[in-house]
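Novice: I need the structure of the sequence given here:
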Amino acid sequence: MKRFTQAILPAAILAASLAGGAAVAQTGAPAAQQQPPAMQQPAAIPNPSDAQLEKFAGASQKVAMVAQEYRPKFEAAPDDAARQEVLREADEKMVSLVRADGLTVDEYNGIGQAVQQNPDLQQRVQEMAPDAVAPTR
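Specialist: Predicted coordinates for the structure are as follows:
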């Protein structure tokens with residue numbers, strides 16, 4: 001499914017949030033839960049505008065809520081196939097929320113990468129939305 005392979009936070013980020021913030025590659029998650037290398041390392045947007053950061057801050061809050069909503073479903077899934085289905089559902093919901101906030105998947109990923117790498121951007125995002133979650137590696 002093309003949408004699944006282009007998703008923002010499908011297996012890699014959702015699994016990272018489920019693992020308490022550790023990256024999937026570092027947790028030893030099954031390969032079926034990992035994204036291709038290109039999806040794990042989005043190209044950073046080095047200087048996102050205030051408008052982009054505001055959209056990111058709002059979207060990241062919503063994405064974090066979806067991750068929290070799907071965590072128990074993921075953990076309760078009886079097998080890999082069921083876990084993949086939970087990830088697919090969460091992925092679709094996250095993509096929809098990001099797009100509803102006016103960002104493309106690539107923009108969201110790129111801003112997230114920049115925020116990870118730049119403490120000043122992290123601070124700006126936190127000021128825009130105190131409950132916003134900075135993406136984890």
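
Novice: remind me what the longest helix that the chain contains packs against, helices and strands.
Specialist: Counting residues, the longest helix found in the chain (DSSP state H) is helix 50-76. Helix 50-76 is packed against helix 11-18, helix 80-100, helix 105-117, helix 119-128, with contacts defined by 3 or more Cβ pairs under 8 Å, 6 or more residues apart in numbering; DSSP states H and E. All C-beta atoms are positioned from the backbone trio N, CA, C, and that covers glycine.

Novice: quick check: buried residues in it?
Specialist: 52-64, 66-67, 70, 74 (16 or more other Cβ atoms under 10 Å).

Novice: ditto for stretch 81-95
Specialist: For stretch 81-95, burial by neighbour count (16+ other Cβ under 10 Å) applies to 83-84, 86-88, 90-95.

Novice: do stretch 107-123 as well
Specialist: Residues of stretch 107-123 classed as buried: 107-116, 118, 121-122 (neighbour count, 16+ other Cβ under 10 Å).

Novice: returning to that earlier point: what's the closest of the helices and strands packed on helix 50-76 to Ala43?
Specialist: helix 105-117 (5.5 Å; Cβ to Cβ).

Novice: which elements pack onto the closest one?
Specialist: Using 3+ Cβ pairs under 8 Å, 6+ apart: helix 105-117 touches helix 50-76, helix 80-100, helix 119-128.

Novice: what's near enough to touch Val66?
Specialist: By Cβ atoms under 8 Å, 6 or more residues apart in numbering, the contact list for Val66 reads 90, 93-94, 97.

Novice: mind putting those residues into TSV with distance to Pro46 and pLDDT?
Specialist: Output for the contacts of Val66, formatted as TSV (distance: Cβ to Cβ, whole Å; pLDDT from 0 to 100):
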residue	distance to Pro46	pLDDT
Ala90	29	92
Lys93	29	93
Met94	24	92
Leu97	25	94
